[in-house]
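sharing a model prediction with you, sequence too.
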Amino acid sequence: MSVSRRSFLRNSVAGGVALAAPALIANVARAADGPIKLGSLHDLSGPLAATGEPMVYATQLAVKEINAAGGLLGREVELINYDTQSNIQLYSQFAQQLAVRDKVDVVHGGITSASREAIRPIFNRFRTLYFYNTLYEGGVCDRNTFNFGTTPAQTVEKLVPYAMNLWGKKVYIIAADYNYGQITAKWMRKYVEDNGGEVLSTDFFPLDVTNFGPSISRIQAAKPDMLLSAMVGGNHTAFYRQWAAAGLKDEIPIASTTFGLVNEPATLEAAESKGVLGSYGYFEELQTPASKAFVDAIKADNGAKTPYIGEPAAATYEAIHMWAKGVTLAGTADRMPVVEALETGVSFDGPSGNVLIDPITHHVTRNAFLAEVDEKAWNVLETFNAQQPLDTAAVCDLEANPNDTTHYEIDI
């Protein structure tokens, strides 16, 4: 409210205005004393529920910890969560509800890149701060969005040469048929070719496909040394069962950028998943004190029903605590002061290790890990410290272009 407007309210003798002024002041005071609202959009049902559930549990844990420490700026953090049911239409509907009806201060949510791109423009339109905390293909350049998941330069770049050195240079790629799978397949091809390998073919599958017989026959006929998989969701888990049933698992091994995100090691038979390689920004099996405390806290709150706690859950937990640090630094939950505070290079020590915000891209520098499935669990083989989002840094400079809102398909 401008000074002249305050003077008008203070000095006016008009009865209606004089009566309205105390009510206005009371409303402002209530707003300042009320809760800071955090919106959550995650799949608790549908094919992606096994990924969404631990992300919600991590959200609840982070909010509980913040409130137990006194809240933010003396105010409680209120969590408003919607089950998006693995449905893009519901993502759009609930995003608008959070921004317009619930008037949240921040939203953490989205699993697939398709869900992110459905809701990101909504939060830009209504000026609602947004955090996307799932590993993805890279390239989002938006000052209103912070991205806490790993990108290909942080993980795929490690996974591909490791697998090729282990198994051979003739590669067959299978991937989900939407932007994540399509773009990740291009990164896979780049890293295969950069390391002297050859991609024999690439197959894409819609998320609702469950019959992979024809593709398995094509792969067998091509005789690759290995498979690279970017399959997504519960329906695609059927591929691994059918692959093992065809007797090909030991003949043609698999490295994946997504295996485990819907709890595949636990849901498949041990023999069906043994030997699959993966690389992420976090594995539940990490034995650091921070990781064990994080896993123990989530399981204590949610019991035996807790699915596997992977990168999306850890990144969500870290992102919420990082947002809280931004609010504290800014002295307000208002969007732009929080953005500016986070752009000072805020860091947080979480279950995955130290996470540092890159102000130029609004992505994070974080540790990456390479692991192999054995007896329905991940065995962490290598750790890569402080990996930068170099792929997105090649196309995004929010310092030079603060009004950019583009999802770039990086020239590979």
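Perfect, thanks for sending it. Residues are numbered from 1 along each chain as shown.

can you map out the helices along the stretch 251-400 of the chain?
264-267, 270-273, 289-302, 311-330, 335-342, 390-393 (DSSP state H, counting those that start in this stretch).

go through those helices and name the closest to residue 248.
Of all the helices of the stretch 251-400 of the chain, helix 270-273 sits nearest to residue 248, with 11.2 Å by C-beta to C-beta. For glycine as for every other residue, the C-beta is placed from the backbone atoms N, C-alpha and C.

just how off-centre is the closest one within its chain?
The chain centre lies 27 Å from the centre of helix 270-273; the measure is C-alpha atoms, centre = their mean, to the nearest Å.

pLDDT weak spots in the chain?
The model of the chain has pLDDT under 70 over residues 1-32.

starting at the chain centroid, how far to the helix or strand containing residue 238?
According to DSSP states H and E, residue 238 maps onto helix 237-245. From the chain centre to the centre of helix 237-245 is a distance of 26 Å (C-alpha atoms, centre = their mean).

okay, the helices of the stretch 251-400 of the chain, which one's buried deepest?
Among the helices of the stretch 251-400 of the chain, ranked by average contacts under mean count of other C-beta atoms under 10 Å, first place goes to helix 311-330 (a mean of 25).

next, the angle from that one to helix 335-342.
In terms of direction (axes from the mean of the first three to the mean of the last three C-alpha atoms, to 10 degrees), helix 311-330 departs from helix 335-342 by 100 degrees.

circling back: got the buried residues for the helix holding residue 238?
Residues of helix 237-245 classed as buried: 237, 239, 240, 241, 242, 243, 244 (neighbour count, 16 or more other C-beta atoms under 10 Å).

swap in stretch 64-76?
Buried residues in stretch 64-76, counted by 16+ other C-beta under 10 Å: 66, 67, 71, 72, 75.

these two touch, right, the third one and residue 36?
Yes. The pair residue 71 and residue 36 passes the contact test of C-beta atoms under 8 Å, sitting 7.5 Å apart.

so what sits against both of these two?
Among the neighbours of residue 71, those also in contact with residue 36 (C-beta atoms under 8 Å, 6 or more residues apart in numbering) are residue 77.

re the thing from before, looking at the helices of the stretch 251-400 of the chain, spot the one closest to residue 219.
helix 270-273 (16.3 Å).

in CSV, list the C-alpha atoms belonging to the closest one.
This file holds the C-alpha atoms of helix 270-273, laid out as CSV (Å, rounded to 0.1, in the frame of the first residue of the first chain):
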residue,chain,number,x,y,z
ALA,A,270,15.7,-61.3,-7.1
ALA,A,271,16.8,-63.1,-10.2
GLU,A,272,14.9,-60.7,-12.4
SER,A,273,16.8,-57.6,-11.2
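
dump the helices of the stretch 251-400 of the chain to TSV, plus distance to residue 91.
Formatted as TSV, the helices of the stretch 251-400 of the chain follow (distance: least, C-beta to C-beta, whole Å):
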stretch	distance to residue 91
helix 264-267	24
helix 270-273	30
helix 289-302	24
helix 311-330	15
helix 335-342	20
helix 390-393	22
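
tell me the contacts of residue 56?
So residue 56 contacts 40, 42, 44, 81 (C-beta under 8 Å, 6+ apart).

neighbour-wise, which of those leads?
residue 42 (30 neighbours; other C-beta atoms under 10 Å).

residues contacting that one?
Residue 42 neighbours (C-beta under 8 Å, 6+ apart): 52, 53, 55, 56, 59, 81, 83, 84, 109, 110, 111.

now the phi/psi pair for the nearest residue to residue 222 once chain neighbours are set aside, please.
Nearest in space to residue 222, with sequence neighbours left out and distances taken as C-beta to C-beta, 6 or more residues apart in numbering, is residue 200 at 4.8 Å. The phi/psi pair for residue 200 (degrees, to the nearest 10) reads phi -70, psi -40.

quick check: residue 200 touching residue 169?
No. With contact defined as C-beta under 8 Å, residue 200 does not count as touching residue 169 (10.5 Å).

which ones among the buried residues of stretch 64-76 map onto helices?
66, 67 (DSSP state H).

between the buried residues of stretch 64-76, which is nearest residue 277?
residue 66 (36.1 Å).

got a list of what that closest one touches?
By C-beta under 8 Å, 6+ apart, the contact set of residue 66 is 72, 77, 320, 321, 324.

quick one, what contacts the last one?
Neighbouring residues of residue 324 by C-beta under 8 Å, 6+ apart: 62, 66, 72, 77.

just the strands in the stretch 151-300 of the chain please.
170-176, 198-205, 226-230, 254-256, 277-280 (DSSP state E, counting those that start in this stretch).

no wait, the stretch 1-150 of the chain
Under DSSP E, counting those that start in this stretch, the stretch 1-150 of the chain gives strands at 36-42, 77-83, 106-109, 129-132, 140-142, 145-147.

partner strands of the fifth one, parallel or antiparallel?
Read it as strand 140-142. Strand 140-142 pairs in its sheet with strand 405-407 (antiparallel), by DSSP bridges.

what lies in contact with the strand it pairs with?
Residues from elsewhere that reach strand 405-407, judged by C-beta under 8 Å, 6+ apart: 117, 120, 121, 124, 139, 140, 141, 142, 143, 144.

name the residue closest to the centre of the chain, please.
The chain has residue 134 as the residue nearest its centroid, 1.4 Å off, counting by C-alpha atoms, centre = their mean.

dump the residue contacts of that one.
Contacts of residue 134 (C-beta under 8 Å, 6+ apart): 51, 55, 110, 111, 112, 116, 149, 311, 312, 315.

one step back: nearest to residue 158, out of the helices of the stretch 251-400 of the chain?
So among the helices of the stretch 251-400 of the chain, helix 390-393 is nearest, using C-beta to C-beta, at 12.5 Å.
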